[in-house]
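Asker: here is my input; please provide its structure:
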Amino acid sequence: MRRIKTGTAVLLMLAVICGLVGCGQGNVPEVSSVSIDKDGKIIHQIVGNFDQNYYERDGLTSLAEERVAEYCADNGTGSVTLGEIDEADGKVVIRFQYATDKDYSAFNNREFFVGTLEEAEGQGYNLGYVAFTSAKGQPMEVSEIEEPEKKRIAIIGMKPTEEIKVNTYGKVLYVNQSATSDLDVSISGKSGVSISYPALDSGAQESVLSYIIFE
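Answerer: Model (predicted):
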């Protein structure tokens, strides 16, 4: 069997289940989610429509298992773990666990970072140019944040038509302002953030970054 690059395979799986979209039926979660654990692990739950004309559930499971095995062979055992795959009424939920944010990023071919504000700056993210807003809707610049060494930031790339919920292990303090990012960003509860990237009239497909500061 011809070996497919991990990034390509993941894109195939996302195409099968319509990527990071909502489904909102029955007990199936409404949207896909990325959850950040305090120990650095990332839980990814993909929710979408399941096209049985393209893949049966067993075929989708085999593809997912093959790509996980391929990635782990190159990056170490346990760097990615495949969880349950549930399918009902034309909907599917696939769960992955990643050892680090870097594994999530590489496996999904998607920009993703979790760390301190200082580490983010060290990785080339210029947070001073990001317009943040607090949970109460107050504008905030990163230079004005108190005790920045105690804060953590999650940065995720979004593409047009995508929707996702990011769950952190702490209280969400600030997110990037929707008005300046082409994204719809809203804090959901104490530790969650809902992000969607509406389709653009221009048809642009460039990834846009969303920023979440938490503690």
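Asker: show me the beta-bridge partners of the most centrally placed residue in the chain.
Answerer: Using Cα atoms, centre = their mean, the residue of the chain that lies closest to the mean C-alpha position is V34, 4.7 Å off. Counting by DSSP bridges, V34 is bridged to H44, V166.
Asker: can you give me the domain boundaries for the chain?
Answerer: With domains defined by automatic domain parsing, the chain comprises 1-109, 111-215.
Asker: let's have the ones you listed in a markdown table, adding mean pLDDT.
Answerer: Formatted as a markdown table, the domains of the chain follow (pLDDT from 0 to 100):
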| stretch | mean pLDDT |
| --- | --- |
| domain 1-109 | 76 |
| domain 111-215 | 92 |
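Asker: F214 and N75, how far apart?
Answerer: Between F214 and N75 the computed distance is 27 Å (Cβ to Cβ, to the nearest Å). C-beta: built from backbone N, CA, C; applies to glycine.
Asker: okay, the two: which has more neighbours?
Answerer: Remark: of F214 and N75, F214 carries more neighbours, 22 against 17, as counted by other Cβ atoms under 10 Å.
Asker: doesn't N167 make contact with that one?
Answerer: No: counting by Cβ atoms under 8 Å, F214 does not reach N167; the two are 10.1 Å apart.
Asker: need the overlap of contacts for the two.
Answerer: S191 (Cβ atoms under 8 Å, 6 or more residues apart in numbering).
Asker: give me the next element, helix or strand, following the strand or helix carrying E84.
Answerer: Assessed by DSSP states H and E, E84 sits inside strand 80-88. Going down the chain from strand 80-88, the next helix or strand is strand 91-98, by DSSP H and E.
Asker: what are the ranges of the strands in the chain?
Answerer: 32-36, 42-49, 80-88, 91-98, 112-116, 132-134, 139-140, 152-158, 163-167, 172-176, 184-188, 192-196, 208-214 (DSSP state E).
Asker: now do the third one against strand 42-49, angle only.
Answerer: Comparing the axes of strand 80-88 and strand 42-49 via axes from the mean of the first three to the mean of the last three Cα atoms, to 10 degrees yields an angle of 30 degrees.
Asker: off-centre distance for strand 80-88?
Answerer: 16 Å (Cα atoms, centre = their mean, to the nearest Å).
Asker: what of the fifth one?
Answerer: Put simply, strand 112-116 sits 12 Å off its chain's centre (Cα atoms, centre = their mean).
Asker: now do the fourth one
Answerer: Mean-position distance between strand 91-98 and its chain equals 12 Å (Cα atoms, centre = their mean).
Asker: what strands line up against that strand, and which way round?
Answerer: Strand pairing for strand 91-98, determined by DSSP bridges: strand 42-49 (antiparallel), strand 80-88 (antiparallel).
Asker: and K151, which of those strands is closest to it?
Answerer: For K151, the closest of these is strand 42-49, at 18.8 Å, according to Cβ to Cβ.
Asker: how about N176, nearest residue that isn't a chain neighbour?
Answerer: Nearest non-adjacent residue to N176, counting by Cβ to Cβ, 6 or more residues apart in numbering: Y211, 4.4 Å away.
Asker: go on, N75?
Answerer: That would be D103: by Cβ to Cβ, 6+ apart, it lies 6.7 Å from N75.
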